[in-house]
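In: sequence-free structure coming up:
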């Protein structure tokens, strides 16, 4: 079955530091890949996505490239801010994990908590 | 644009009491709907999903149940809560045959 592995947290960085959160996946077929962000006490927000190999998703200064050869989708940001403090989830959908009747289930990683200090 | 609502935002209930959490989606029709639970410090666990009115699939056997009485309404229920039911409950939707899901603000449930 599908699975997502992301780096263990928590991650603590100083403001303006470079961020990398590693994510690797196992899936059959050709899944779509996502990064979601969860701010304290809130639901998950879609941060960025990539639907095919070599696609780069980007949003709010964050980037991730779909690398099929290494089955990875690492999240990066060149200069983090205090407001980026949150939990980040890597996820995949599709491939051959089709539930029928038009439903593709998401498979999530366990989340990485990022704290950015001034 | 589409909006997803959940209520209540927070809930404190004693063990053995019933539960009803509601989720509604606006601005779309015939969405797929999902209930997730997020226990403290842990990832997301898919509980139920629905591809249409009255169609519910359960991912984890437990004392929770789900219903979809209307196209854009999804309800999570329990007849008798357990301490282990405490957590953050998230509702999500997506379009049929689409890949990304959109999440509601969540309900924080504490069972005492």
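Out: Received it, and whenever you're ready, just let me know what you need. Everything quoted here is computed from the prediction, not taken from an experiment.

In: counting by contacts, list what the helix or strand residue B:37 falls within packs against.
Out: Assigned by DSSP states H and E, residue B:37 falls within strand B:32-38. In terms of contacts (3 or more C-beta pairs under 8 Å, 6 or more residues apart in numbering or on different chains; DSSP states H and E), strand B:32-38 is packed against strand B:19-26, strand B:44-52, strand B:73-78, strand B:87-94. Using the backbone N, CA and C atoms, a C-beta is placed for each residue, glycine as well.

In: is the last one up against chain A anywhere?
Out: Yes - using C-beta under 8 Å from any C-beta of the partner chain, strand B:87-94 reaches chain A at B:90, B:92, B:94.

In: most neighbours among those, please name it.
Out: For the residues of strand B:87-94 next to chain A, neighbours were counted by other C-beta atoms under 10 Å in any protein chain shown; the highest total belongs to residue B:90, with 27 neighbours.

In: where in chain A is pLDDT low?
Out: Under the criterion of pLDDT under 70, the regions of chain A flagged as low confidence span A:95-104.

In: interface residues of chain B facing chain A?
Out: Neighbours of chain A within chain B, by C-beta under 8 Å from any C-beta: B:6, B:32, B:42-44, B:46, B:49, B:51-52, B:55, B:57, B:90, B:92, B:94, B:96-106, B:108.

In: out of those, which end up buried?
Out: Burial by neighbour count, judged by 16 or more other C-beta atoms under 10 Å in any protein chain shown, picks out B:6, B:32, B:44, B:46, B:49, B:51-52, B:57, B:90, B:92, B:94, B:98-104, B:106 from those.

In: run me through the strand neighbours of the helix or strand hosting residue A:34, direction for each.
Out: Of the helices and strands defined by DSSP H and E, residue A:34 is found in strand A:31-38. Partners of strand A:31-38 in the sheet, by DSSP bridges, are strand A:44-50 (antiparallel), strand A:86-98 (antiparallel).

In: what's the closest of the residues of strand B:87-94 next to chain A to chain A?
Out: residue B:90 (5.5 Å; C-beta to the nearest C-beta).
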